[in-house]
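# Need coordinates for the below:
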Amino acid sequence: MRTWYGNNRVACDVLEEMRVCNKTRNYAPLLSLIEEMQVMANRMEAGLSDLKDAESLRKDISKLKKELRVLEDKKEAEDV
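As a prediction, this is how the structure comes out:
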């Protein structure tokens, strides 16, 4: 097993530890490993949701910039 420092642990490593628990029939750490995997999955889902929100915001900003250009052009034409 690897030694981990900080938050560099990945889901595959947690799953591997679960397999070791089953292989050795030592289920004592299993609940904490399940909890750790759940936290990782929640973070991944939240990250995907954030990316989707960011893309939606980029599209909205682009649309609003186009509308602003049209309005600025219209105002400029009226001023002339």
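
# What is the longest helix along the chain packed up against?
Looking across the chain with DSSP state H, the single longest helix is helix 30-79. The helices and strands touching helix 30-79, judged by 3 or more Cβ pairs under 8 Å, 6 or more residues apart in numbering; DSSP states H and E, are helix 11-24. No exception for glycine: its C-beta is placed from N, CA and C like everyone else's.

# For the helix it packs on, name the packing helices and strands.
Where contact means 3+ Cβ pairs under 8 Å, 6+ apart, helix 11-24 is packed against helix 30-79.

# could you give the mean pLDDT of the helix it packs on?
Averaging pLDDT along helix 30-79 yields 94.

# Next one: residue 8 from residue 40, what distance?
12 Å (Cβ to Cβ, to the nearest Å).

# between these two, which one's more packed in?
Per other Cβ atoms under 10 Å, whichever of residue 8 and residue 40 has more neighbours is residue 40, with 15 against 8.

# Please work out how many residues are found near the residue lying closest to the more buried one once chain neighbours are set aside.
Spatial nearest neighbour of residue 40, excluding adjacent residues (Cβ to Cβ, 6 or more residues apart in numbering): residue 11 at 5.0 Å. Residue 11 is flanked by 13 other residues according to other Cβ under 10 Å.

# which residues does residue 11 contact?
By Cβ atoms under 8 Å, 6 or more residues apart in numbering, the contact set of residue 11 is 37, 40-41, 44.

# Let me have the residues you listed in a markdown table, adding distance to residue 61 as columns.
A markdown table is the format used below for the contacts of residue 11 (distance: Cβ to Cβ, whole Å):
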| residue | distance to residue 61 |
| --- | --- |
| 37 | 36 |
| 40 | 32 |
| 41 | 31 |
| 44 | 26 |
